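Undergrad: just a sequence and a predicted model for now, questions to come.
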Amino acid sequence: MTNQQSGFSKPLFSLVLLLAALLVTWLAMAWWPPSPWSEEEKRFIQSLWIGSLPSVPDDPSNAVDTAPLAAELGHALFFDMRLSANNQVNCAFCHRPDRRFTDGMEKARALGQSRRNTPSIVGLAYSPWLYWDGRRDSLWSQALSPLEDPQEHGSNRMAISRLVTSDMEYAELYEIIFRELPDFTDLSRFPEHAAPEVNEEWAAAWESMEEEDRLLVNTTFANVGKAIAAYEKLMLPSPSRFDEYAEAIVNNEKPGDILNQNEIKGLRLFMGKGRCMECHNGPLFTNNEFHNTGVLSYPGDLPDRGRIDGVREVRRNEFNCIGPYSDAQPGQCLELTHAREGVELIAALKTPSLRNLEGTAPYMHKGQIDTLEETLDHYNRAPLAMIGHNEAEEPLGLLSFELKQLEAFLLTLSAPVAVDQKWLEPPR
Amino acid sequence: MSKKVFSTGLIFIIAFMPAGLMAQALPKGMLESEKRLYKLSIESELNPIAINRIHSWILRLQDSSGTSVHDAQISFDGGMPEHNHGLATAPSIVHQEDGSYLLQGLRFHMMGYWELVLTINHNDVSDTVLLTLDL
């Protein structure tokens, strides 16, 4: 009996010992203070620091993108609900300034439901491509699309051009900025509503117009976009808690308790085992490129073809950098003229910035994922892509406490938009 | 035994060598092609090369005797073998009046190890220059 008991208890005892050892190791890994940064890691931290952000690039296709008056006009247009079919939708309807210019919806909802999730506009002036699939190549050409989208503003270029040139305050600003004020009062030349490819009635009205008049409307419409772009260009991130920490590291100062141990360990995972920095790199935590990461399709939707369609659309778009309404000189549209195609772009979508994840859920291109925890779990599992090939195909092998640490780090990237409050409210 | 220790140590050092210690700037001087038919120099608009910025390179080509070659066809490709993907852009190469070649539209979108291949064709003779970068 005693022998039997000892024969039974010995392996049990070993098992308990093993489990205890594992528990101690796990606790040690989770609670052990982080080790000092290597020179390599310091270089990575510096690369992510907001202080490494270069000045906002010029947009050669928009001659007024840094003009203060254009930003002023754009500010008013951004909040003007008359730029919609029902006078109830403005740009801020989805790009809500109080939510870092996102809307908290899975897919944007204005007059109807849009195709995808509303991205923030903070820091977008650095991106060569706009939209999740990059189907526009400038802030101004992007700003025009929702205005005519039946699910968004549902308006048309003719009505908007007339509004901007007939409203006295707009007309005054417009003439100073763009040096001439077109006259759209002749209804026999300029119908009340007209636009190509929106609906049959407006398309027929558009077709009935003289070529020269269509050109004038398109130019005015493009200028509306250019003014909105000048306003959007002001929306830049301000330093977050991570940036304060990074600044201390870069300057070889003691960071004190700016970040706690979990957040610091999360930063290390972000740059290393988590492999996040492969795409979420640079001070904006995005390479503004297109990647297939195997995100599941939105329920009821076919898998999103992403960039493979976006690159074709941007080439066709009349408001692109090499189009007739662009201010760029030949040879200045390097991104568009060197955009690549290929199977790698199937279901590839633009890497979003990770600044301001707090309060901007749901995540992914159709808001498929509700929380950061689930997002990290997605990358940790690395599921097969529905179409194309998941570039992040290797499971990361992060343990549960490591996922928590990574999440804690990501939440250190939140900070207000770096503009005066007046720009975040409708102009008086 | 000492050989074993040395090899193990060497493997250990290589395995843990920080990637950032490797070159980020382009190599100075002339690069020799695989078959040693050509020599190529590269000058980057961005030096050191930074990620996420579209930029240009100027290429200058010589044959093995050191004579400048102005009318070759040069193509460019590359990618990250560890990530199984190519370049983010489709760069182009055009001849310039001074006999050099302008490589435009190059943007690296990830830090890490890149392999780049320049294929040179001149008078039906082809050769390649392999260039590696660790950004």
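TA: Everything's here; your move.
Undergrad: burial count for B:S33?
TA: 20 (other CB atoms under 10 Å in any protein chain shown). Heads up, the C-betas are built off the backbone N, CA and C, glycines and all.
Undergrad: how near is it to A:R162?
TA: 62 Å (CB to CB, to the nearest Å).
Undergrad: enumerate the residues of chain B near chain A.
TA: B:18-21, B:51-52, B:54, B:83-92, B:104-107, B:109-112 (CB under 8 Å from any CB of the partner chain).
Undergrad: which of those residues are buried, as a ChimeraX select command?
TA: What follows is the ChimeraX syntax for the buried subset of the residues of chain B next to chain A, where burial is set by 16 or more other CB atoms under 10 Å in any protein chain shown:
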select /B:20,51,52,54,83,85,87,88,89,90,91,92,104,105,106,107,109,110,111,112
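Undergrad: among the residues of chain B next to chain A, which are in strands?
TA: B:H85, B:G86, B:S92, B:Q104, B:G105, B:L106 (DSSP state E).
Undergrad: report the contact partners of residue 51.
TA: I'll assume chain A. A:P239, A:D243, A:A246, A:E247, A:V250, A:P283 (CB atoms under 8 Å, 6 or more residues apart in numbering or on different chains).
Undergrad: chain B is the one I meant
TA: So B:I51 contacts A:N281, A:G282, A:N287, B:F108, B:H109, B:M110, B:M111, B:L135 (CB under 8 Å, 6+ apart).
Undergrad: now residue 80. Its backbone dihedrals?
TA: I'll assume chain A. phi -90, psi 110 (degrees, to the nearest 10).
Undergrad: was after chain B, sorry
TA: According to degrees, to the nearest 10, B:M80 has phi -110, psi 100.
Undergrad: pLDDT below threshold where in chain B?
TA: B:1-24 (pLDDT under 70).
Undergrad: let's go with 90 and repeat that
TA: Scanning chain B for pLDDT under 90 picks out B:1-29, B:47-48, B:82-85, B:135.
Undergrad: ranking the contacts of A:G51 by neighbours, who comes first?
TA: A:A246 (28 neighbours).
Undergrad: pretty sure that residue belongs to a helix, no?
TA: Yes: judged by DSSP: H, G, I helix; E, B strand; the rest coil, A:A246 forms part of a helix.
Undergrad: surely it and A:I45 touch.
TA: Yes: counting by CB atoms under 8 Å, A:I45 is a contact partner of A:A246 at 5.0 Å.
Undergrad: please list the residues of chain A that sit near chain B.
TA: Residues of chain A lying near chain B (CB under 8 Å from any CB): A:38-40, A:43-44, A:47, A:128, A:277-279, A:281-282, A:287-289, A:334-335, A:337-342, A:344, A:391.
Undergrad: among the residues you listed, name the buried ones.
TA: Buried among these (16+ other CB under 10 Å): A:43-44, A:47, A:128, A:277-279, A:281-282, A:287-289, A:334-335, A:337-340, A:344, A:391.
Undergrad: and the contacts of stretch A:85-103?
TA: A:77-81, A:83-84, A:104-105, A:108-111, A:114, A:117-122, A:143, A:146, A:152-155, A:228, A:235, A:356, A:359-360, A:417, A:424-426.
Undergrad: re earlier: ok, which pair from the ones in strands among the residues of chain B next to chain A is furthest apart?
TA: B:H85 and B:Q104 (21.0 Å; CB to CB).
Undergrad: what is the subsequent helix or strand relative to the lowest-mean-pLDDT helix or strand in chain A?
TA: In chain A, no helix or strand scores lower on mean pLDDT, DSSP states H and E than helix A:2-31, which sits at a mean of 73. Where DSSP states H and E defines the elements, the next helix or strand beyond helix A:2-31 is helix A:39-48.
Undergrad: which secondary structure elements does that following helix contact?
TA: Helices and strands touching helix A:39-48, by 3 or more CB pairs under 8 Å, 6 or more residues apart in numbering or on different chains; DSSP states H and E, are helix A:241-250, helix A:261-271.
Undergrad: tell me which of these sits most buried.
TA: Across those, averaging neighbours per residue (mean count of other CB atoms under 10 Å in any protein chain shown) puts helix A:261-271 on top, at a mean of 22.
Undergrad: which secondary structure elements does the very next helix or strand once past that helix sit against?
TA: Sequence-wise, the next helix or strand downstream of helix A:261-271 (DSSP H and E) is strand A:290-291. Other helices and strands packing on strand A:290-291, by 3+ CB pairs under 8 Å, 6+ apart, are strand A:349-350.
Undergrad: how about 10 Å then?
TA: helix A:307-316, strand A:349-350 (3 or more CB pairs under 10 Å, 6 or more residues apart in numbering or on different chains; DSSP states H and E).
Undergrad: pull the residues that contact the shortest one.
TA: Looking back up the chat, that one is strand A:349-350. A:116, A:119, A:127, A:129-134, A:279, A:286-293, A:295, A:304-307, A:310, A:364-366 (CB atoms under 10 Å, 6 or more residues apart in numbering or on different chains).
Undergrad: only the buried subset of those residues, as a PyMOL command please.
TA: Typed into PyMOL, the next command selects the buried ones out of the contacts of strand A:349-350 (criterion: 16+ other CB under 10 Å):
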select buried, chain A and resi 116+119+127+129+130+131+132+133+134+279+286+287+288+289+290+291+292+293+295+304+305+306+307+310+364+365+366
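Undergrad: quick one: low-confidence parts of the stretch 251-400 of chain A?
TA: A:330, A:359, A:389, A:391-394.
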